[in-house]
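Asks: 3D model of this:
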Amino acid sequence: MSNHLDNLPDFITLFTNDAINPEPPNVDFTWNLPDSYYSNQRSSSAYVSIVDSFTEQLERDAVAPATNDQSYLIVLYDGATNYHSTKNEGIVLGGFRLQPKGTELSYSFNKTGGMLQALIAARPRTLRLAITDMDAVLVRPAAVPFRWVITLRFDYLNQEAQAAGMLSSFTNNLLPK
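Replies: Numbers count the residues shown, from 1 in each chain. Down below sits the predicted model:
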């Protein structure tokens, strides 16, 4: 019998000061995650998405005029079975927009609203996240240490539904008719 807790997601909030290298030269962090952070009663695959993200100021592009908006990408460096990029540089989970407002700069976080569901191996032991520019080049923080807090959501697949879905989408091109 199924209940409403069958597909309860896991949430993980990552703080940069807890990363393996909390003061890297670029905004590129890796975290070790203990098994206790996840339920071990789940399937082997999960969709990952960003719930929310908060950050400090990034270094502005010296070439861009101060009046231009700048966009940055939040990238997860882990393989996904259903995601590909022409840059071959990880999974773009969301982004930031840096917007000048008078003499101040403001950030707005652009999440995908759950539309991007990158399918990864469940319960990763390490996570590597970075902020890049629109050309997939790692950006530098304006100050060190750079503080960033990001919450990820892991939605687990029902194992029977996953197997049935894979079988129904399988093309028997290699099998004799």
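Asks: Please name the bridge partners of the residue lying closest to Thr132 once chain neighbours are set aside.
Replies: In this structure, Thr132 finds its nearest non-sequential neighbour in Leu73, 4.9 Å apart by CB to CB, 6 or more residues apart in numbering. For glycine as for every other residue, the C-beta is placed from the backbone atoms N, C-alpha and C. Under DSSP bridges, the beta-bridge partners of Leu73 are Gly95, Thr132.
Asks: Now do Leu73, the pLDDT please.
Replies: If you check Leu73, the pLDDT there is 86.
Asks: how about the strands in this structure?
Replies: Ranges of strands within the chain are 10-15, 28-32, 45-55, 70-76, 91-101, 104-111, 118-121, 126-132, 148-156, based on DSSP state E.
Asks: Let's have those in JSON lines, adding distance to Asn82.
Replies: Output for the strands of the chain, formatted as JSON lines (distance: least, CB to CB, whole Å):
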{"stretch": "strand 10-15", "distance to Asn82": "19"}
{"stretch": "strand 28-32", "distance to Asn82": "23"}
{"stretch": "strand 45-55", "distance to Asn82": "9"}
{"stretch": "strand 70-76", "distance to Asn82": "13"}
{"stretch": "strand 91-101", "distance to Asn82": "10"}
{"stretch": "strand 104-111", "distance to Asn82": "18"}
{"stretch": "strand 118-121", "distance to Asn82": "5"}
{"stretch": "strand 126-132", "distance to Asn82": "18"}
{"stretch": "strand 148-156", "distance to Asn82": "13"}
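Asks: Check those for me: which has the lowest mean pLDDT.
Replies: Sorting the strands of the chain by mean pLDDT places strand 104-111 lowest, at a mean of 65.
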